[in-house]
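A.B. asks: No sequence on hand, only this structure:
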């Protein structure tokens, strides 16, 4: 069903499906609503500094791009939101923050089905939070499956990205929408259909093709997966994505080789170049495949479970040095 026409008060064009919109760097951080800064009556236009991700030179410019606070206090009632954002630098290097460690991938700006430059539309995540809460919606600082099972849940972002929240949303089948959907709902004073605002799932294995979001198919549900990294924050972030996908996270590998008849389930080990040697040795002993985080991410982006040896990028110690 086609999207309803957004309100006419917005100045930035409504995004088309499959287009990303980009801003300056920001990691996933807990969000806390606060009031927008106000311009003193006799002063020059104030810079917007309420959010670490804001790149608006003034309150007026932010209002022009993101729209006003809603007058309808129940506009977003019954809807739960996650908010994240991508970066301009990611557009060029695909430098992705997952947890708090930086992983880099190459990118392309070729035409025809590949990544292309789009209009820059900044996002102020604190202001977006204020808009949603002012309209009766709820913004979660972090993904919580227990809070998202009985209500409508959307993730909003300025572009497709590789933050933990974005992958949690893909894993849980939560629609990832352009933040301009919030603006246009406010301007129209009603909840619009979101088809035209869907962001891509991400970049495919070829580092070029932009892939659309697919309906949740529980592609990883029920799998027993062990996650290990010497970077603790990464390890916790990956586990949260697996839980969102319906996986059973294995807490530990057996200390000794399994005796015949003793049950132990582990389909695959997801790790990175920091994986301890003894884990690799144990995996060999137990005949458990070991893959990189890229296997997990590409499975979610493509909405299908990749064979473990389908790409050299799935090798557990793979790093992009380009």
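C.D. replies: That came through, no problem. Since this is a predicted model, take the numbers as computed values, not measurements.
A.B. asks: hey, where'd the helices end up in the stretch 151-300 of the chain?
C.D. replies: Taking DSSP state H, counting those that start in this stretch to define them, one finds helices in the stretch 151-300 of the chain at 164-172, 180-188, 232-244, 277-286, 293-302.
A.B. asks: Just give the number of residues close to residue 216.
C.D. replies: For residue 216, the neighbour count with other C-beta atoms under 10 Å is 16. Quick note: C-beta positions are derived from backbone N, CA and C, even for glycine.
A.B. asks: List the contacts of it.
C.D. replies: Contacts for residue 216 (C-beta atoms under 8 Å, 6 or more residues apart in numbering) come out as 172-173.
A.B. asks: Quick check, pLDDT for it.
C.D. replies: pLDDT recorded at residue 216 is 71.
A.B. asks: Tell me the spacing between it and residue 130.
C.D. replies: 30 Å (C-beta to C-beta, to the nearest Å).
A.B. asks: now swap in residue 149 and tell me
C.D. replies: 26 Å.
A.B. asks: who has more neighbours, the two?
C.D. replies: Per other C-beta under 10 Å, whichever of residue 149 and residue 130 has more neighbours is residue 130, with 19 against 9.
A.B. asks: For that one, which three-state class applies?
C.D. replies: Secondary structure state of residue 130, per DSSP: H, G, I helix; E, B strand; the rest coil, is helix.
A.B. asks: That one contacts residue 70, doesn't it?
C.D. replies: No - Residue 130 is not in contact with residue 70 according to C-beta atoms under 8 Å; the separation is 10.0 Å.
A.B. asks: returning to that earlier point: output the helices of the stretch 151-300 of the chain in CSV; the columns should cover mean pLDDT.
C.D. replies: Listed next are those as CSV, based on pLDDT from 0 to 100:
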stretch, mean pLDDT
helix 164-172, 94
helix 180-188, 97
helix 232-244, 90
helix 277-286, 94
helix 293-302, 95
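A.B. asks: so which of those helices gets nearest residue 202?
C.D. replies: Closest to residue 202 of these, according to C-beta to C-beta: helix 293-302, at 4.0 Å.
A.B. asks: so what does that closest one touch, helix or strand wise?
C.D. replies: Identification of packing neighbours for helix 293-302 by 3 or more C-beta pairs under 8 Å, 6 or more residues apart in numbering; DSSP states H and E yields helix 164-172, strand 200-203, helix 232-244, strand 268-271.
A.B. asks: Make a markdown table out of the ones you listed and add distance to residue 292.
C.D. replies: Output for the helices and strands packed on helix 293-302, formatted as a markdown table (distance: least, C-beta to C-beta, whole Å):
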| stretch | distance to residue 292 |
| --- | --- |
| helix 164-172 | 14 |
| strand 200-203 | 16 |
| helix 232-244 | 11 |
| strand 268-271 | 7 |
